[in-house]
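*Asks:* For reference, the sequence and a predicted model appear below.
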Amino acid sequence: MTARPLPGAPAAEALLAETAARAARLPNPPHLVMVRLGEDPASVSYVRGKDRKAREVGLSSTVHALPETTSQAELLDLIARLNADDAVNGILVQLPLPAHVSEQAVLHAIDPRKDVDGFHPLNVGELWAGRPALRPCTPAGILYLLDHYGLAIAGQRAVVVGRSHIVGRPLAALLLERDATVTIAHSRTRDLGAVTREADLLLVAVGRAHLITPEMVKPGATVIDVGINRVPGEGGGKAHLTGDVHPDVAEVAGALTPVPGGVGPMTIAQLLANTASAAEMQASRLLSR
Ligand SMILES: Nc1nc(=O)c2c([nH]1)NC[C@@H]1CN(c3ccc(C(=O)N[C@@H](CCC(=O)O)C(=O)O)cc3)C=[N+]21
């Protein structure tokens, strides 16, 4: 048996097309502003990818590429100006930040209505309360992908491996909202394999290459691999990306997302969908004030 592949591109294209249609209905194109500090190659490449896709779907996009040495006060000052600017609908500060800047201070400073990452504590609280709010991009993109491929969520036993604030925890909240029976496993879980083998829907966001091996997976399960691990090329060869799920899991799983080309494209598409949502909410608020 070999698992049904779940490529991100077709699902991302569908979400991008919906987003383009929503953007075209607004009086102005939704405007996303991204801020990054320093020149970490992965951050440079992710922000460039998001900027390019934003333009493709008819959004406006502005990138502030600031020096690594930018102080926290300067960054907070920029955020305050973006918060106050009605021509800015969405704000994303690329993570990770340099050690001299508090992630927490930055995430608290972003206007929750412009928080297209869904990382502000107000949006985190609304998510866990089951109320509408801007939702974190990777988790929301994963739910879109599952729906796109007609995979059931309600009533399923879902096991999320990983408890990060950007993926594991919000993913568990979204699955719960969709009536899955949710378990969160993590580095301290005893007999991880026994827990993951219970899953109809196994979602792995740990950041350890090939952590999940075939004997840890229930035959026929749907497996979502959120890992993006850079593996150095052998003998100085080219580095490549690999997931948290061992490739042999394809022999056991019913369906499996590839890495790259699985969850990554969904994250970007959902970011742009969130920017459209933020712009829609702000447009209706401006009308009523
Ligand atoms: N404020 C903030 N928001 C984020 O959403 C955020 C962030 N900071 N910091 C870093 C992580 C990571 N992230 C990815 C987005 C797309 C791909 C993606 O498109 N990946 C491609 C491959 C990309 C490659 O070749 O490196 C794929 O999986 O097919 C990956 C990772 C967003 N993040």
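*Replies:* Okay, I see it.
*Asks:* looking at this, Val195 is in a helix?
*Replies:* Yes. With DSSP: H, G, I helix; E, B strand; the rest coil as the criterion, Val195 is part of a helix.
*Asks:* The chain should start at 772 in everything you say after this.
*Replies:* Yep, numbering from 772; the last one is Val966 now.
*Asks:* For it, give me its contacts.
*Replies:* Val930, Thr954, Ala956, Thr960 (C-beta atoms under 8 Å, 6 or more residues apart in numbering). All C-beta spots, glycine's among them, are computed from the backbone N, C-alpha and C.
*Asks:* could you redo the last one with a cut-off of 6 Å?
*Replies:* Each residue near Val966 by C-beta atoms under 6 Å, 6 or more residues apart in numbering is listed here: Val930, Ala956, Thr960.
*Asks:* How about His1017?
*Replies:* So His1017 contacts His981, Thr984 (C-beta under 6 Å, 6+ apart).
*Asks:* Distance of it relative to the ligand?
*Replies:* Distance, His1017 to the ligand, by C-beta to the nearest ligand atom, to the nearest Å: 17 Å.
*Asks:* tell me which parts of the protein are close to the ligand?
*Replies:* Proximity of the chain to the ligand, by C-beta under 6 Å from any ligand atom, involves residues 816-817, 820, 863-866, 888, 908, 999, 1012, 1030-1032, 1035-1036, 1038-1039.
*Asks:* And what about whichever residue of the stretch 822-971 of the chain sits closest to the ligand, helix, strand or coil?
*Replies:* Going by C-beta to the nearest ligand atom, the ligand is nearest to Leu866 of the stretch 822-971 of the chain, at 3.7 Å. Of the three states, Leu866 takes coil according to three-state DSSP.
*Asks:* Run through this structure and note the low-pLDDT ranges.
*Replies:* 1057-1060 (pLDDT under 70).
*Asks:* hmm, what's the outermost residue in it?
*Replies:* Distance from the C-alpha centroid of the chain peaks at Gly1006, with 33.0 Å (C-alpha atoms, centre = their mean).
*Asks:* SS state for that one?
*Replies:* helix.
*Asks:* same question, Val931
*Replies:* strand.
*Asks:* For it, which residues are in contact?
*Replies:* Contact partners of Val931, counting by C-beta under 6 Å, 6+ apart, are Gly939, Leu942, Ala943, Ile955, Leu974.
*Asks:* ok, back up a step: nearest residue to the residue of the stretch 822-971 of the chain closest to the ligand other than its sequence neighbours?
*Replies:* Computed as C-beta to C-beta, 6 or more residues apart in numbering, the closest residue to Leu866 that is not its neighbour in sequence is Glu874, at 6.6 Å.
*Asks:* Which residue ranges of the stretch 922-1060 of the chain form strands?
*Replies:* Taking DSSP state E, counting those that start in this stretch as the criterion, the stretch 922-1060 of the chain contains strands spanning 928-932, 952-956, 972-975, 993-996, 1000-1002, 1011-1013, 1026-1027.
*Asks:* Regarding the nearest residue to Gly926 once chain neighbours are set aside, what are the backbone dihedral angles?
*Replies:* Spatially, and ignoring its direct neighbours in sequence, Gly926 is nearest to Asp950 (6.4 Å; C-beta to C-beta, 6+ apart). Per-residue torsions, Asp950: phi 70, psi 30 (degrees, to the nearest 10).
*Asks:* From what I see, Asp950 and Ala923 are in contact.
*Replies:* No. The criterion here is C-beta atoms under 6 Å, and Asp950 misses it with Ala923 at 9.9 Å.
*Asks:* Please parse the protein into its domains.
*Replies:* Domains of the chain are assigned by automatic domain parsing as 799-881, 908-1035.
*Asks:* out of those, nearest to Leu893?
*Replies:* Taking C-beta to C-beta, domain 799-881 is the member of those nearest to Leu893, at 9.2 Å.
*Asks:* Start and end of that closest one, how far apart?
*Replies:* End-to-end span of domain 799-881 (C-alpha to C-alpha, to the nearest Å): 22 Å.
*Asks:* what about the nearest residue to His919 once chain neighbours are set aside, which SS state?
*Replies:* In this structure, His919 finds its nearest non-sequential neighbour in Ala782, 3.8 Å apart by C-beta to C-beta, 6+ apart. At Ala782 the chain is in helix, as set by three-state DSSP.
*Asks:* Run through who's touching the longest helix along the chain.
*Replies:* Secondary structure of the chain read by DSSP state H shows that its longest helix is helix 1034-1058. Residues outside helix 1034-1058 that contact it (C-beta under 6 Å, 6+ apart) are 779-780, 783, 786-787, 790, 793-794, 797, 801, 803, 821, 824-825, 828, 830, 860-861, 885, 887, 905, 908-909, 911-913, 916, 997, 1028.
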